[in-house]
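Undergrad: whatever this is, show me its structure:
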Amino acid sequence: MAKKSKADGIYKIVEIIGTSKVSWEDAAAKAVETASKTLRDLRVAEIVKLDMKVTDGKVAAYRARVSLSFKYDS
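TA: Below you'll find the predicted structure:
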């Protein structure tokens, strides 16, 4: 029987959106930090989309849509 390598496994991908009044980087970091409180074994975070909330012609918030993968327990 073949030996399992550490790369073997099943992964789930979820998409989440982080927001920040400071920057897109802060929004993405907040999204990952918040997700890590309920999801275990996070593997990869990919920025899918960046946008801004605009109020009265000014940037009110930065938003980062993040695709996040985690490994299923085996």
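
Undergrad: which stretches of the chain have low pLDDT?
TA: Under the criterion pLDDT under 70, the flagged ranges of the chain are 1-7, 74.

Undergrad: run the last query once more with 90
TA: Regions of the chain meeting the criterion pLDDT under 90 cover residues 1-11, 39-41, 43, 71-74.

Undergrad: quick one, helices of it?
TA: Taking DSSP state H, the helices of the chain run over residues 24-35.

Undergrad: strands of that one, start to end?
TA: Applying DSSP state E to the chain gives strands spanning 11-20, 42-55, 58-71.

Undergrad: relative to the second one, what are the paired strands and their orientations?
TA: Right, the one you point to is strand 42-55. Strand pairing for strand 42-55, determined by DSSP bridges: strand 58-71 (antiparallel).

Undergrad: cool, the shortest one as well?
TA: Within its sheet, and counting by DSSP bridges, strand 11-20 is paired with strand 58-71 (antiparallel).

Undergrad: can you tell me which residues contact Y72?
TA: Y72 makes contacts with 9-12, as judged by C-beta atoms under 8 Å, 6 or more residues apart in numbering. Where C-beta positions appear, they are placed from N, C-alpha and C, glycine not excepted.
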